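Peer 1: fold the stuff below for me.
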Amino acid sequence: MARFLIRRILQGILVMWLVTVGVYLIFYIGPGPGAVARTLAGKSATPQVVAEVSHRLLLDRPIYVQYGHFLWLLLHGDLGYSFYHQQSVNSIIGAAFPITLSLVIGSAILWIVLGVLSGVLSAVRARSILDRTFTLLALIFYSMPTFVLGLLLLLVFYYELTIHGIHAFPGSGFTSITANPWQWFRGLILPWITLALVSAATYTRLTRGSMLDVMGEDYIRTARAKGMPERRVIFRHALRAALTPVVTQYGIDVGVLLGGAIITEVVFGMPGLGFTAVQAIQQQDLPVVIGVVIVAAAAVVLANIVVDALYAVLDPRVRLH
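Peer 2: As a prediction, the model looks like this:
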């Protein structure tokens, strides 16, 4: 187990290094030698700011020196400096990341519970009315764009209730949990439901298909032949083995969303990583864009390492070497 984790961590480090190389080639080499400083400083930068950027990032030095300086800053946790906002990228992402984290954690819990339970019920009662109902709902929410569902929820639970004097949910924005836990919870209910319903549809179909495959295995028939209770057969043996592809997808989805749930954050006006990235692109604030890309890549790599480590826990047939 330890050797496996060490190998996966080393592979993750390699992936992150390749990401930094790609980012450097796109943002530092792509614009051309004379345009790098102006591109990084932003479209509204003055000549003095452009000169400061060039000096700070060693852009008058050879390429390998520039990349070495860029990588050295990243290794020390320095994501750069936003000349557009006149503050470090660390502080900008540090303010946005807790918002995205709050959104992802709540919605991830909801969609895994809804998706797995509905998938198990569909598999256990295959071709029944319940199975067909869950299948229909999964197809509806899977086909529905996130922004459409988000706007529908805002229309029904914010606009319609508000004009009737019921102020149940805020329309947009984010309240820190340390400032007001209740307002934090109220403000996240609709975004959580939006992400959860769209994502749970995938997990319903994935769990159902995996469960149907596992239910035909010999060890399931043996467990039933021994008189083991059906509930224990389903949840202790079948579901545990069927969760491997579900956990794989879960790790990828959570990692990607930690890099920014762009559409949901924009619809609900939550200044998380996705919202920040969209604004940075519109403002051509490339240091912030680079910082979000690095954080998003790190989240995906970390999530996949955790998922790989969980395989041996979920499925005893898997051995990590």
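Peer 1: the nearest residue to Gly80 once chain neighbours are set aside: neighbour count?
Peer 2: Spatial nearest neighbour of Gly80, excluding adjacent residues (C-beta to C-beta, 6 or more residues apart in numbering): Pro287 at 4.1 Å. In this view, the C-beta of every residue, glycine as well, is placed from N, C-alpha and C. By other C-beta atoms under 10 Å, the residues close to Pro287 number 24.
Peer 1: I'd assumed Ser88 was in contact with Pro287.
Peer 2: No. With contact defined as C-beta atoms under 8 Å, Pro287 does not reach Ser88; the gap is 9.0 Å.
Peer 1: show me what contacts Pro287?
Peer 2: For Pro287, the contact set (C-beta atoms under 8 Å, 6 or more residues apart in numbering) comprises 40, 79-83, 89.
Peer 1: now swap in Ile305 and tell me
Peer 2: Here Ile305 is in contact with 5, 8-9, 12 (C-beta under 8 Å, 6+ apart).
Peer 1: overlap in contacts, Pro287 and Ser88.
Peer 2: 79-82.
Peer 1: could I get those residues as TSV with distance to Thr248 and secondary structure?
Peer 2: Output for these, formatted as TSV (distance: C-beta to C-beta, whole Å; DSSP: H, G, I helix; E, B strand; the rest coil):
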residue	distance to Thr248	secondary structure
Leu79	29	coil
Gly80	33	coil
Tyr81	38	strand
Ser82	36	strand
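Peer 1: tabulate these (JSON lines), appending distance to Leu25.
Peer 2: What follows is these, written out as JSON lines (distance: C-beta to C-beta, whole Å):
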{"residue": "Leu79", "distance to Leu25": "18"}
{"residue": "Gly80", "distance to Leu25": "16"}
{"residue": "Tyr81", "distance to Leu25": "21"}
{"residue": "Ser82", "distance to Leu25": "21"}
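Peer 1: list buried residues within these.
Peer 2: Burial by neighbour count, 16 or more other C-beta atoms under 10 Å: within the shared contacts of Pro287 and Ser88 this picks out 79-82.
Peer 1: wouldn't Val300 be in contact with Gly255 here?
Peer 2: Yes. Between Val300 and Gly255 there is a contact under C-beta under 8 Å: 3.7 Å.
Peer 1: Ala238 contacts Asp213, correct?
Peer 2: No. Counting by C-beta under 8 Å, Asp213 is not a contact partner of Ala238; they are 9.7 Å apart.
Peer 1: tell me where the model's unsure across the stretch 151-300 of the chain.
Peer 2: 260 (pLDDT under 70).
Peer 1: so what's the residue count around the residue lying closest to Leu121 once chain neighbours are set aside?
Peer 2: Computed as C-beta to C-beta, 6+ apart, the closest residue to Leu121 that is not its neighbour in sequence is Leu130, at 6.0 Å. Using other C-beta under 10 Å, Leu130 has 14 neighbouring residues.
Peer 1: show me the contacts for Gly187.
Peer 2: Taking C-beta under 8 Å, 6+ apart, one finds 169-170, 173-175 in contact with Gly187.
Peer 1: nearest residue to it in space, please, no chain neighbours.
Peer 2: Gly187's closest residue in space is Pro170 (C-beta to C-beta, 6+ apart), at 5.0 Å.
Peer 1: does the one you found sit in a helix, a strand or a coil?
Peer 2: Under DSSP: H, G, I helix; E, B strand; the rest coil, Pro170 falls in the coil class.
Peer 1: from Leu273, how far off is it?
Peer 2: Computed as C-beta to C-beta, to the nearest Å, the Pro170 to Leu273 distance reads 20 Å.
Peer 1: more neighbours: these two, which one.
Peer 2: Between Pro170 and Leu273, counted using other C-beta under 10 Å, Leu273 has the larger neighbour count: 30 against 18.
Peer 1: where do the helices sit along the stretch 51-200 of the chain?
Peer 2: Ranges of helices in the stretch 51-200 of the chain, per DSSP state H, counting those that start in this stretch, are 63-75, 89-124, 129-143, 146-154, 161-163, 181-215.
Peer 1: could these go into CSV alongside distance to Val293?
Peer 2: Below are the helices of the stretch 51-200 of the chain laid out as CSV (distance: least, C-beta to C-beta, whole Å):
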stretch, distance to Val293
helix 63-75, 11
helix 89-124, 11
helix 129-143, 28
helix 146-154, 21
helix 161-163, 38
helix 181-215, 21
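Peer 1: got a list of what Arg208 touches?
Peer 2: Applying C-beta under 8 Å, 6+ apart, the residues near Arg208 are 119-120, 122-123, 126, 131, 134-135.
Peer 1: lowest-confidence one in those residues?
Peer 2: The lowest pLDDT within those belongs to Ala126, with 83.
Peer 1: for it, what are its contacts?
Peer 2: Ala126 neighbours (C-beta under 8 Å, 6+ apart): 208, 212.
Peer 1: so how far is Gly209 from it?
Peer 2: From Ala126 to Gly209 the distance is 11 Å (C-beta to C-beta).
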